[in-house]
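Student: sequence-free structure coming up:
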């Protein structure tokens, strides 16, 4: 299934995308795509529904973040060896983990705002992993059974905030609008191998990133297992799994995002995002 949320910010309703590309309202079945609604049992019930019996959502509509009430937004750094090289950093021997504030989360096509005082704002297309069943100390072999599905993430970054001064990554990753997710939460049964997905990103029509999850240093199953050693993973938590090369940090000369830029990105089978960059608005 391709699940989504639509409506104005803060008032999104759950829905699914039918085989004809029509959005069908699920609010009569579940209250939101969050928490227990992402469990294997809940997803099985949603999968058994007849989409044609659900109300069609009329146009126009805003597509919101594909998961609601996200508890943790966990990110993995330097998880593609060629991205580590372009960043001038060593390939890690174990996953580099940092958090992104959930207040950064926006819909896949909402505007991205340059933060006040920012001048090195960057893009990062990533595969997002949505947890559907609590994970504590899980083995790699069992890890994917805790995954509800996958989505597209743009892990936007302000490199000056991230790498200069005190050098704390969370500061450069957590500005408002720096976490577009969606458009769809694609359930795990549609993605039997998350290590075989192409992902790409363009700015103003120029393709900067064009990679594949097959070159991840640490795959999805390893990441779920690894993280579950240090914190319980709860339904609705998102893991953003790292980015392939092609960020501005690796361009010569560097390319920074500026107001007016158009960002387009996608992951095979998970849909596309399109964002317009806007200046800081107090």
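Tutor: Structure's in. What do you need? Keep in mind the model is a prediction, meaning the values are calculated, not measured.
Student: Residue 199: how many residues sit nearby?
Tutor: 22 (other Cβ atoms under 10 Å). Glycine gets a C-beta too; all of them are placed from N, C-alpha and C.
Student: swap in residue 125?
Tutor: So residue 125, with other Cβ under 10 Å, has 26 neighbours.
Student: All the helices of the stretch 1-150 of the chain, residue numbers only.
Tutor: 40-47, 81-86, 140-143 (DSSP state H, counting those that start in this stretch).
Student: Return the most buried member of those helices.
Tutor: Counting by mean count of other Cβ atoms under 10 Å, helix 81-86 has the highest mean neighbour count of the helices of the stretch 1-150 of the chain, with a mean of 17.
Student: How about residues contacting it?
Tutor: 78, 90-92, 211, 215, 217, 242-247, 249-250 (Cβ atoms under 8 Å, 6 or more residues apart in numbering).
Student: Tell me which of the helices of the stretch 1-150 of the chain lies nearest to residue 278.
Tutor: helix 81-86 (26.8 Å; Cβ to Cβ).
Student: what stretches of this structure score poorly on pLDDT?
Tutor: 249 (pLDDT under 70).
Student: Assign the most centrally placed residue in it to helix, strand or coil.
Tutor: The centroid of the chain falls nearest to residue 153 when counting by Cα atoms, centre = their mean (2.5 Å). With DSSP: H, G, I helix; E, B strand; the rest coil as the basis, residue 153 sits in strand.
Student: Same question for residue 167.
Tutor: Assignment for residue 167 (three-state DSSP): coil.
Student: Give me the neighbour count for it.
Tutor: 10.
Student: OK, contacts around it?
Tutor: So residue 167 contacts nothing (Cβ under 8 Å, 6+ apart).
Student: Next, work out how far apart it and residue 159 are.
Tutor: 11 Å (Cβ to Cβ, to the nearest Å).
Student: State the distance from residue 27 to residue 44.
Tutor: Distance from residue 27 to residue 44, by Cβ to Cβ: 19 Å.
Student: I'd like the distance between residue 232 and residue 38.
Tutor: 15 Å.
Student: Neighbour count for those two, which is higher?
Tutor: Using other Cβ under 10 Å, the more surrounded residue of residue 232 and residue 38 is residue 38, with 28 against 14.
Student: Double-check residue 181 against residue 238; I have them as touching.
Tutor: Yes: counting by Cβ atoms under 8 Å, residue 238 is a contact partner of residue 181 at 6.8 Å.
Student: shared neighbours of these two, which are they?
Tutor: Joint contacts of residue 181 and residue 238 (Cβ under 8 Å, 6+ apart) are 67, 128, 151, 153.
Student: Count the neighbours of the first one for me.
Tutor: Neighbour count of residue 67, defined by other Cβ under 10 Å: 30.
Student: which residues sit in contact with it?
Tutor: Residue 67 touches 5, 33, 34, 38, 130, 151, 181, 185, 236, 238, counting by Cβ under 8 Å, 6+ apart.
Student: Can you add distance to residue 19 and give those back as CSV?
Tutor: Formatted as CSV, the contacts of residue 67 follow (distance: Cβ to Cβ, whole Å):
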residue, distance to residue 19
5, 20
33, 19
34, 25
38, 22
130, 22
151, 19
181, 23
185, 17
236, 26
238, 26
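Student: closest to residue 105 among those residues?
Tutor: Closest to residue 105, out of all of these and judged by Cβ to Cβ, is residue 181, at 6.1 Å.
Student: What's the local residue count around the closest one?
Tutor: 28.
Student: which residue sits closest to it, ignoring its sequence neighbours?
Tutor: residue 65 (4.9 Å; Cβ to Cβ, 6 or more residues apart in numbering).
Student: And residue 157, by the same measure?
Tutor: That would be residue 122: by Cβ to Cβ, 6+ apart, it lies 4.6 Å from residue 157.
Student: what residues does stretch 221-232 touch?
Tutor: In contact with stretch 221-232 (Cβ under 8 Å, 6+ apart) are residues 72, 74, 76, 94-95, 97, 129, 131, 134-141, 143-144, 146-147, 218, 233, 239, 241.
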